[in-house]
Every structure is written in C-alpha cells, then in structure tokens.
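Colleague: Got a predicted structure plus its sequence, pasted below:
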Amino acid sequence: MANNYFRFKQFTVHQEQAAMKVTTDACLFGAWAAKNIAHNTKGNNILDIGTGTGLLSLMIAQQVNAQIDAIEIDKAAAEQAKENTANSPWKDRIHILHGDARVFDFNKQYDNIISNPPFYENELTSGDMLKNTAHHDAGLLISELLGIISRQLKDDGRFFLLLPFKRYEEIKAVILSHSMKLINTCLVKQSNRHSFFRVLIAGGKKEGATVTEELAIKDDAGSYTDEFSRLLKGYYLYL
C-alpha cells in the first residue's frame with residue numbers, strides 16, 4: 001500500500017486523494033524537465049497538463065522562477081494539488097485549475113508545457129474509475145494531448161512528456177502529425193540488466209539539434225546510478 005505522502009527536501013506531496021501516486025519515473029521526469037527548462041529554454045510561464053498531486057509543478061517551481069498553471073480534470077486530485085502547492089514555498093507561483101484541458105480557455109500560450117499523460121491506451125481497464133482515468137487514455141488520447149500542446153505552446157516553446165517506451169515510435173509519429181519536432185529524448189531502464197521501459201521526450205515547433213540519451217535508475221548493486229543521483233539530489237531526502 002502506497003504512503004499517503006512523499007516528503008522531499010523542500011516540499012511534501014500528499015496523495016491520498018489522487019489515483020496517480022508519486023513514482024520514481026515521475027520524479028525522474030520532473031527533475032529532467034526542470035533541468036532542461038532551467039538551462040535550455042525560456043521558462044516565464046509553464047502549463048502542467050494533468051497535474052494530479054502537483055508533483056511536476058512543484059519540482060519545476062523549485063528550479064525555475066516561473067508562473068505555472070496546472071490543470072487537473074479530477075476534482076479530488078485538483079483539491080489535493082491545491083493543498084500541496086499551498087503548503088510549498090512556491091504557492092504564489094503555482095495556480096491549480098480544475099477542468100478538462102481539451103475545452104479549457106487558457107487565454108494564453110506557454111513557454112513550456114509538461115505532462116505525465118495517461119498510459120496504456122486501448123488496453124484493458126481496471127474497475128477503479130479514478131485509476132482508469134489516471135492510467136488509461138480513455139479520457140484523453142495522446143493525439144488529443146498533442147493537439148492541446150500544439151495550440152497552447154508558443155512558437156519558440158518546448159514541451160516535455162513522459163511515456164512508456166513501447167509507445168516511442170507512436171508518439172514520434174503523432175508529434176510529426178501536429179507539425180512539431182522531437183528535440184531531445186532520454187530512454188530509461190530500471191538497470192542495465194533491464195530493457196527500456198520509459199521515454200522522456202522534449203519537443204517543440206522549431207527544429208533543434210536532436211539528442212538521444214540513455215539512463216539507468218539503479219546500478220547492478222541496486223544503488224541509484226550517478227546519473228540518477230545527480231538529477232534527484234536536489235529533491236530526494238537521502239541523496
């Protein structure tokens with residue numbers, strides 16, 4: 001059974017009301033996106049689609065001095081995200097929005113858009129409707145998500161996605177179909193003894209130097225790798 005909260009160095013994420021709990025790959029994605037936004041892009045305003053507990057927004061707010069709009073369709077999760085951000089050092093910069101990103105009127109475009117979207121489109125769904133919405137694409141298809149990103153992203157902006165590795169080829173095709181480009185990818189595996197299971201994606205509307213990197217979360221001894229530790233040391237309590 002998952003803990004009801006996850007404590008980081010500068011903030012705590014309570015998660016009892018959210019279907020999507022804090023996971024290692026989500027933390028890795030948040031740290032990776034924050035690093036990219038801080039070092040390689042403008043970060044004046046950011047949109048977090050499907051924020052859940054607010055985890056990604058909190059991680060990015062820690063590294064980037066930006067205004068962040070974070071939208072969540074599930075009311076209970078949105079309320080939890082509001083509580084988490086209200087108790088953080090960045091409560092004045094993170095704005096939780098309850099609504100459906102497909103029809104929400106944002107009234108602006110964004111320098112950066114981040115999303116840890118639903119997984120496992122077209123696979124069997126569970127009986128738990130909250131988890132069904134959070135883990136599956138029954139509510140928001142990848143093509144719909146990229147459509148939202150295409151509309152809301154500035155011409156020189158960047159978007160960041162976390163997806164299962166098995167959908168890598170599919171997402172590349174969907175990105176191209178929305179007249180956007182793949183710029184940076186990080187292929188993630190649990191260890192060097194495992195196959196890739198996640199892909200971290202950065203893209204935009206303009207061409208950029210295409211970079212592909214690989215990262216293992218743990219080494220053969222079961223400890224976090226140096227690469228993982230460097231990304232997460234600002235967040236995890238014991239790194």
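Modeller: Right, received. Where do you want to start? Numbers count the residues shown, from 1 in each chain.
Colleague: contacts and neighbour counts: CA atoms only from here.
Modeller: Noted.
Colleague: Show the subsequent helix or strand relative to the helix or strand bottoming out on mean pLDDT in the chain.
Modeller: In the chain, no helix or strand scores lower on mean pLDDT, DSSP states H and E than helix 129-135, which sits at a mean of 42. Going down the chain from helix 129-135, the next helix or strand is helix 142-152, by DSSP states H and E.
Colleague: got the angle between the next helix or strand after that following helix and helix 142-152?
Modeller: The helix or strand immediately downstream of helix 142-152 is strand 153-164, counting by DSSP H and E. Between the axes of strand 153-164 and helix 142-152, defined by axes from the mean of the first three to the mean of the last three CA atoms, to 10 degrees, the angle is 150 degrees.
Colleague: Check which element follows the lengthiest helix in the chain along the chain.
Modeller: Ranked by residue count and defined by DSSP state H, the top helix of the chain is helix 24-40. As assigned by DSSP H and E, the chain's next helix or strand after helix 24-40 is strand 45-49.
Colleague: Show me the strands in this protein, by range?
Modeller: Secondary structure of the chain (DSSP state E): strands located at 5-7, 12-14, 45-49, 67-72, 94-98, 110-115, 153-164, 181-189, 196-204, 211-216.
Colleague: What's the mean pLDDT across the fourth one?
Modeller: Per-residue pLDDT values over strand 67-72 give a mean of 98.
Colleague: quick revisit: identify each buried residue in the longest helix of the chain, please.
Modeller: Under the neighbour-count criterion of 16 or more other CA atoms under 10 Å, helix 24-40 has 25-38 buried.
Colleague: where are the low-confidence patches of the protein?
Modeller: 1-2, 118-139 (pLDDT under 70).
Colleague: Let's see that with 80 instead.
Modeller: 1-3, 41-43, 118-139, 208-209 (pLDDT under 80).
Colleague: Who is the nearest residue to His95 once chain neighbours are set aside paired with across the strands?
Modeller: Excluding the flanking residues, the one nearest His95 by CA to CA, 6 or more residues apart in numbering is Asp69, at 4.9 Å. Beta-bridge pairing of Asp69 under DSSP bridges involves Leu47, His95.
Colleague: measure Asp69 to Ala78 for me?
Modeller: Distance, Asp69 to Ala78, by CA to CA, to the nearest Å: 12 Å.
Colleague: which one of these two has more residues nearby?
Modeller: Ala78 (25 against 20; other CA atoms under 10 Å).
Colleague: I'd say Asn44 and Asn65 touch.
Modeller: Yes. Counting by CA atoms under 8 Å, Asn65 is a contact partner of Asn44 at 7.2 Å.
Colleague: okay, now the residue nearest to Gln190 when sequence neighbours are not counted: neighbour count?
Modeller: Excluding the flanking residues, the one nearest Gln190 by CA to CA, 6+ apart is Ile217, at 5.1 Å. Ile217 has 20 neighbours, counted by other CA under 10 Å.
Colleague: Need phi/psi at Ile217.
Modeller: Dihedral pair for Ile217: phi -70, psi -40, per degrees, to the nearest 10.
Colleague: isn't it right next to Tyr224, touching?
Modeller: Yes. Between Ile217 and Tyr224 there is a contact under CA under 8 Å: 5.8 Å.
Colleague: Quick check: buried residues in stretch 143-162?
Modeller: Buried, per 16+ other CA under 10 Å, within stretch 143-162: 143, 145-150, 152-154, 157-162.
Colleague: which of those lies closest to Ala61?
Modeller: Within those, proximity to Ala61 (CA to CA) peaks at Phe160, which comes in at 15.1 Å.
Colleague: quick one: contacts for that closest one?
Modeller: Ala33, Asn112, Ile113, Ile114, Ser115, Leu200, Ile201, Ala202, Gly203 (CA atoms under 8 Å, 6 or more residues apart in numbering).
Colleague: how near is the most far-flung residue of the chain relative to its centre to Asn192?
Modeller: Distance from the centre of the chain peaks at Ala221, with 28.3 Å (CA atoms, centre = their mean). To Asn192, Ala221 is 11 Å away according to CA to CA.
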